[in-house]
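>>> pasting a predicted model and its sequence here:
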Amino acid sequence: MSVWLPTATCRPETCLAEASPEVSHPRRALRLAACLAAVLAGVVLGLPVRLFPYRARIPLVRLWARTVLRALGVTVHLAGPDGPGPGADGGVLVVANHVSWLDIPLLAAGRPGRSLAKTEVRQWPVLGPLIACCGTVFLDRDRLRTLPDTVAAVAGVLRSGQPVIVFPEGSTWCGRESGRFRPALFQAAVEAGADVQPVTIRYRLADGRPTSVPAFIGDDGLLTSLARVVAARGLVADVTFLPPIAPPGPQPARAGARRELARRAQAAIEGIH
């Protein structure tokens, strides 16, 4: 599991204005306690689990992610091009639209992989050490000259046969609006000759109404956003793994390949909204 929480965007006065049904305060406290217990279990078990073979870790990570989401009161619906399931196997660059910190366990519930995170995440209490020990690739956003090294690290993970999760918008959006996919990290797929798997994430209430309650935007802090999530009644996340996109060829390093991949991935994701 890993986290990429850059500067949030969207207009919070628009995205967070709608009312949504809420659970009682005792239920919120129970959800928080259950979530904390699941996270602490991940901290305690994370290091020994890292010693397992990669394939053996996948079902354990899925179970942990689904436990965290269930504790928070989030119902998850996973779907793929051939029915429920994570989609393609192996070293795939998994790219998704970005709405919330909840996106991370959602993707891990269906398709665990190593992710990209800002370097500040290392300093988070409790979660920071857990994220670091899970094989996260870190990016220093204040030193963009390190970006080529980050791209090379991601390409190396892809060549090893492991998926990498990236949010190419570079920021969280409320779900009603979205940002342009930045092409830089698609270069890793080009260099590794790896497929790109687009994933769409959509949040709604149990009655089918779209909701931006989980959105991590504006001046939101993590605790403020967490409180809003545990208070929500009937929060549902629909996660759809779309068919993988092969890198352009026959010369994988040709100019414009990463931009073409970014454009095709964004078109696939926006086409399902």
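In hand now; what should we look at?
>>> the residue nearest the centre of the chain in helix, strand or coil?
Nearest residue to the geometric centre of the chain (Cα atoms, centre = their mean): residue 104, 3.4 Å. The three-state label for residue 104, taken from DSSP: H, G, I helix; E, B strand; the rest coil, comes out as helix.
>>> pLDDT score assigned to it?
If you check residue 104, the pLDDT there is 87.
>>> which residues in this protein form strands?
Using DSSP state E, the strands of the chain run over 74-79, 93-96, 114-118, 137-139, 164-166, 196-205, 235-241.
>>> save these as CSV, and put in mean pLDDT too.
CSV is the format used below for those (pLDDT from 0 to 100):
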stretch, mean pLDDT
strand 74-79, 95
strand 93-96, 94
strand 114-118, 78
strand 137-139, 74
strand 164-166, 92
strand 196-205, 95
strand 235-241, 96
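>>> can I get these in JSON lines with mean neighbour count and distance to residue 33?
Any C-beta I mention is one placed from the backbone N, CA and C, and that applies to glycine too. Listed next are these as JSON lines, based on neighbours: other Cβ atoms under 10 Å; distance: least, Cβ to Cβ, whole Å:
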{"stretch": "strand 74-79", "mean neighbour count": "17", "distance to residue 33": "16"}
{"stretch": "strand 93-96", "mean neighbour count": "28", "distance to residue 33": "29"}
{"stretch": "strand 114-118", "mean neighbour count": "22", "distance to residue 33": "26"}
{"stretch": "strand 137-139", "mean neighbour count": "22", "distance to residue 33": "30"}
{"stretch": "strand 164-166", "mean neighbour count": "27", "distance to residue 33": "28"}
{"stretch": "strand 196-205", "mean neighbour count": "22", "distance to residue 33": "23"}
{"stretch": "strand 235-241", "mean neighbour count": "21", "distance to residue 33": "18"}
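>>> any idea how far the residue nearest to the centre of the chain lies from residue 197?
Using Cβ to Cβ, to the nearest Å, residue 104 is found at 16 Å from residue 197.
>>> test my guess that residue 165 contacts residue 114.
Yes. The pair residue 165 / residue 114 is scored as a contact, 7.2 Å apart, by Cβ atoms under 8 Å.
>>> gap between the residue nearest to the centre of the chain and residue 208?
25 Å.
>>> what's the closest non-adjacent residue to residue 96?
Closest residue to residue 96 apart from its sequence neighbours, by Cβ to Cβ, 6 or more residues apart in numbering: residue 199 at 4.0 Å.
>>> residue contacts, the one you found?
Each residue near residue 199 by Cβ atoms under 8 Å, 6 or more residues apart in numbering is listed here: 94, 95, 96, 97, 107, 111, 239, 240, 241, 242, 269.
>>> look up how far residue 104 lies from residue 38.
The gap separating residue 38 from residue 104 is 14 Å, by Cβ to Cβ.
>>> quick one, grab the pLDDT at residue 230.
Model confidence at residue 230 (pLDDT) stands at 96.
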